[in-house]
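A.B. asks: Okay, sequence plus prediction incoming.
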Amino acid sequence: MKDSFQWIVLILCILIYSFFIFFIEIDIEINVASQLVIASVFFFGMFSSFFINRQNNRYTKINDIIAQRDGYYSYLYRAFSIVPRIQGEIKGIISNHYEKILKNNDWAYNEFHSSSTISSIVKSISGITKKESELISNYSFFDGIWDVICQLQLNRKMIIASYNEKLKNFHWILIIVFAGLAAVSFHFLKIDSIIVDFIKIIFAASIFLIVMLINQLNNLSIFGKDFSKKIANDVLRIINEDDLK
């Protein structure tokens, strides 16, 4: 729905700009027009590249954190394969965690809503019996279980912190102002050629697409509408052991 709205806005902007190009004339000296084009394009390019780089690093960071989170939960399930009772409890806890992600189609649902996943896992592992402890006494990888749980808690905080690193209103003002100036300034270059007019429209459309890209990086819609379902189904496939069926 959001993607459709963005494309509708883009098309409307292009149509309005095309009307502006073909039917509205503004008389400005060519030297002044050239300076306006150079200045506006320079500042738009500088600010847009900075914000794209900043938000792309944020996107990459969050992608890595999600991969770590999913890997940790998969590890916890598989690590307790020799203690069936604990593995069964952890399977139920993790399934409930990812079913919420699947249901709400929100990869960060558990980070921004009340979740007892980590505390439930701690409670389950703490309830291990003496007999069950003997089963894992010779397996060194169990020594890192508590480190994994600590990392999951840290992972949760990192997701929240990174998610909130969105562009501020002041940043958007800079982007929109210089994007508008860059698009409008093309029209100041008066050349009587239909081909040049179409090139101006293409330049303007490129500017609008750059703004759209920044917005997608900012609200993380660049992940795609099925991203949350894919990561949830992947972890559920592992703990349900679908590959073995």
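C.D. replies: Received it, and whenever you're ready, just let me know what you need.

A.B. asks: So which elements touch the helix or strand hosting residue 125?
C.D. replies: In this assignment (DSSP states H and E), residue 125 forms part of helix 117-126. For helix 117-126, the packing partners by 3 or more C-beta pairs under 8 Å, 6 or more residues apart in numbering; DSSP states H and E come out as helix 84-104, helix 145-163. No exception for glycine: its C-beta is placed from N, CA and C like everyone else's.

A.B. asks: State which helix of the chain is the longest.
C.D. replies: helix 30-79 (DSSP state H).

A.B. asks: now for that one, which elements pack on it?
C.D. replies: helix 84-104, helix 145-163, helix 169-187, helix 194-219, helix 227-239.

A.B. asks: nearest to residue 11, of the ones you listed?
C.D. replies: The closest of those to residue 11 is helix 194-219. By C-beta to C-beta, the value is 9.5 Å.

A.B. asks: and the angle from the closest one to helix 30-79?
C.D. replies: 40 degrees (axes from the mean of the first three to the mean of the last three C-alpha atoms, to 10 degrees).

A.B. asks: How about residue 158: what's its closest non-neighbour residue?
C.D. replies: residue 65 (5.3 Å; C-beta to C-beta, 6 or more residues apart in numbering).

A.B. asks: neighbours of the one you found, just the number please.
C.D. replies: A count of nearby residues for residue 65, using other C-beta atoms under 10 Å, gives 19.

A.B. asks: how close does it sit to residue 156?
C.D. replies: 9 Å (C-beta to C-beta, to the nearest Å).

A.B. asks: The residue lying farthest from the centre of the chain in helix, strand or coil?
C.D. replies: Most distant residue from the mean C-alpha position of the chain: residue 131, 45.1 Å away (C-alpha atoms, centre = their mean). Per DSSP: H, G, I helix; E, B strand; the rest coil, the secondary structure class of residue 131 is helix.

A.B. asks: per-residue pLDDT, it?
C.D. replies: You'll see residue 131 listed with a pLDDT of 78.

A.B. asks: try residue 189
C.D. replies: 69.

A.B. asks: swap in residue 28?
C.D. replies: On the pLDDT scale, residue 28 is placed at 68.

A.B. asks: Same question for residue 92.
C.D. replies: Value for residue 92, per-residue pLDDT: 93.

A.B. asks: so how far is residue 98 from it?
C.D. replies: 11 Å.

A.B. asks: returning to what we had before: mind listing what's buried in the helix holding residue 125?
C.D. replies: For helix 117-126, the neighbour count (16 or more other C-beta atoms under 10 Å) marks 117, 118, 120, 121, 124, 125 as buried.

A.B. asks: chain center to it, what's the gap?
C.D. replies: In terms of C-alpha atoms, centre = their mean, to the nearest Å, the gap separating the centre of helix 117-126 from the centre of its chain is 29 Å.

A.B. asks: All further residue positions should be reported with the first residue as 46.
C.D. replies: Yep, numbering from 46; the last one is helix 162-171 now.

A.B. asks: What are the contacting residues of that helix?
C.D. replies: 121, 131, 134-135, 138-139, 141-142, 155, 190, 194, 197-198, 201 (C-beta atoms under 8 Å, 6 or more residues apart in numbering).
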